[in-house]
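[1] let me see the structure of the following:
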Amino acid sequence: MAMNIVTKHSILAPALRLSITAAQPSMALLCNRQLHLHPLQVNRNSGNLILDGRSCPIRHEMLPLKVSPTGKFLRLVTKCSQANEIELAKKKCVPCESKDLKPMSIEVAEELLQQVPGWNISNEDGKLKLQRAWKVKSFIKGLELFKHVADIAEAEGHHPDLHLVNWNNASINIWTHSIGGLTENDFILAAKIDSLDVEPFLRKKAAKNSTTVP
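    Below you'll find the predicted structure:
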């Protein structure tokens, strides 16, 4: 699938048009905010660029970093300022296609973790996962909490692992199973779960200070 992206160099060149196809996997993007090189990928459904597991809308300003003798771009630089990013809870999970998504690095995951307080990151056999735990009032309240979580998961088409142990220990693991790690989808789902009013389901002490999985 070919994608036409307008790239603009503010002074040195007028707007240029670049055709990106799946046959150009060697091209790379440099994200100013993280200063990391990323393989270039395009989500076939949304048309967004995929940067280290995260969906980066094409509307972000694209600047040529290096041009080959043939006039084709070898690398691009994107300005992905945090101020321009949409809040995670307002985003929509994208279909999890292994050809489009790759597990994000621990550095990127830890940065996004700041937007979902109460969650932590675990590393299980090299697979990063988001985790959070609560003490619920009763077994029934735990199931009711999970019902609300399930409604969000169904709406997003992205499903977490739910655990209810010893009748009142509720915990959630979120990760993108198809790629064996974390993507932005996982943080979007965590943010939407955080928007739930969970106090009616939790023990009083737990409601004041919910715990995370160690």
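[2] show me which residues of the longest strand along the chain are buried.
    Counting by DSSP state E, the longest strand found in the chain is strand 127-135. Neighbour-count burial for strand 127-135 flags L128, K129, L130, Q131, R132, A133, W134, K135 (criterion: 16 or more other CB atoms under 10 Å). Every C-beta, even on glycine, is put in place using the N, C-alpha and C of the backbone.
[3] partners of it in the sheet?
    Sheet pairing of strand 127-135 (DSSP bridges) gives strand 120-124 (antiparallel), strand 169-174 (antiparallel).
[4] the helix or strand that that strand is followed by packs against which elements?
    Using DSSP states H and E, the helix or strand that follows strand 127-135 towards the C-terminus is helix 139-156. For helix 139-156, the packing partners by 3 or more CB pairs under 8 Å, 6 or more residues apart in numbering; DSSP states H and E come out as strand 161-165, strand 169-174, helix 184-194.
[5] and the contacts of helix 139-156?
    92-93, 134, 136, 159-160, 162, 164, 167-168, 170, 172, 185, 188-189, 192-193, 196, 198, 200-202 (CB atoms under 8 Å, 6 or more residues apart in numbering).
[6] look at E87 and report its pLDDT.
    At E87, the pLDDT value in this model is 87.
[7] let me know the pLDDT of P14.
    Taking P14 on its own, its pLDDT is 30.
[8] could you check how far A150 is from G181?
    23 Å (CB to CB, to the nearest Å).
[9] may I see the domains of this structure written out as residue ranges?
    3-84, 90-208 (automatic domain parsing).
[10] mean pLDDT lowest for which of these?
    Minimum mean pLDDT among these: domain 3-84, a mean of 39.
[11] just say which of the helices and strands packed on helix 139-156 is most tucked in.
    helix 184-194 (a mean of 24; mean count of other CB atoms under 10 Å).
[12] who does that helix touch, helix- and strand-wise?
    helix 106-113, strand 127-135, helix 139-156, strand 169-174.
[13] what residues sit buried inside the longest one?
    Which is helix 139-156. Buried-residue list, helix 139-156, by 16+ other CB under 10 Å: K141, G142, L145, F146, V149, I152, A153, E156.
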